[in-house]
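>>> here is my input; please provide its structure:
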Amino acid sequence: MRDDEVIRRLGGQERVSFTLSEDPSRVAAIAHEYGYVLTEYHMSAKPIRIRMNFVRDGREEARLRAAWADYHYRTNGAWWAACWPTPTGIPPRKAAAYRIAVHQQREAPLTQPLTAYGILLTLAVAGAVPLAGVSTPLAALLLVGVAGLGGWGVAWAHRRAKNALPRHLAKLEQFERQRVYASPGQPGGP
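Numbers count the residues shown, from 1 in each chain. Model (predicted):
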């Protein structure tokens, strides 16, 4: 989906939904600049489909951000012009990836680790069944070991995501601080 298609679909609506097969950070970046907040993010594996739902942010800051994004898009096609980074700054798509990560960490922190744990446990059971014909104690040990290791892995992943949340929020704050608006009456201003 091209930028102009995303912008056209946003169109000032209260709620917008996208189903994508790739590049969710680009859509999230455009939606953020046009004053929307990510409310749902769901990914399916076969085929890869990403469903993203956004709702319009009514805060003054979001309306100003949307007005500038629309102004730049209509003027020169660059919706990202007000938030383009300095050499040490954060690009809009990377900020959107952080925004998606923060959403996932707040809304569904255990979804990915539990899914991985379920797959690992399924594979262990599939391996333990034929192994039980050869050695029942070894099959039981395999299941207990995988269950314990998987439980530790889920706890570790949850702790890691929880520790990453402040860093991600700091990156989003840095991204918002790099935003530049021209003053009214100056070149580049409305």
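>>> so the most far-flung residue of the chain relative to its centre versus L142, what's the distance?
What lies farthest from the middle of the chain is V134; by CA atoms, centre = their mean that is 45.8 Å. Distance of V134 to L142, computed by CB to CB, to the nearest Å: 11 Å. Where you see a C-beta, it was placed from the backbone N, CA and C, and this is true even at glycine.
>>> in the chain, which residue is most central in space?
I100 (1.9 Å).
>>> pLDDT value on that one, please?
The score at I100 is 94. That number is its pLDDT.
>>> and what of T75?
With respect to pLDDT, T75 scores 89.
>>> how about residues contacting the host helix or strand of it?
Assigned by DSSP states H and E, T75 belongs to helix 60-76. Residues from elsewhere that reach helix 60-76 (CB atoms under 8 Å, 6 or more residues apart in numbering): 7, 30, 32-37, 56, 78-82, 179, 181, 190.
>>> the same query, at a cut-off of 6 Å, please.
For helix 60-76, the external contacting residues (CB atoms under 6 Å, 6 or more residues apart in numbering) are 33-35, 78-79, 81-82, 181, 190.
>>> give me the buried entries from these.
Buried by 16 or more other CB atoms under 10 Å: 33-35, 79, 81-82, out of these.
>>> format these as TSV; extra columns: pLDDT and secondary structure.
Formatted as TSV, the buried ones among the contacts of helix 60-76 follow (pLDDT from 0 to 100; DSSP: H, G, I helix; E, B strand; the rest coil):
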residue	pLDDT	secondary structure
E33	94	helix
Y34	95	coil
G35	94	coil
W79	91	coil
A81	86	helix
A82	85	helix
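>>> how about the worst-scoring helix or strand of the chain on mean pLDDT: buried residues?
Within the chain, no helix or strand scores below helix 111-134, which has a mean of 86 by mean pLDDT, DSSP states H and E. Neighbour-count burial for helix 111-134 flags 113, 117, 120, 124, 128, 131 (criterion: 16+ other CB under 10 Å).
>>> distance-wise, check R74 relative to E33.
13 Å.
>>> residue ranges with poor pLDDT in the chain?
Applying pLDDT under 70 to the chain flags residues 182-190.
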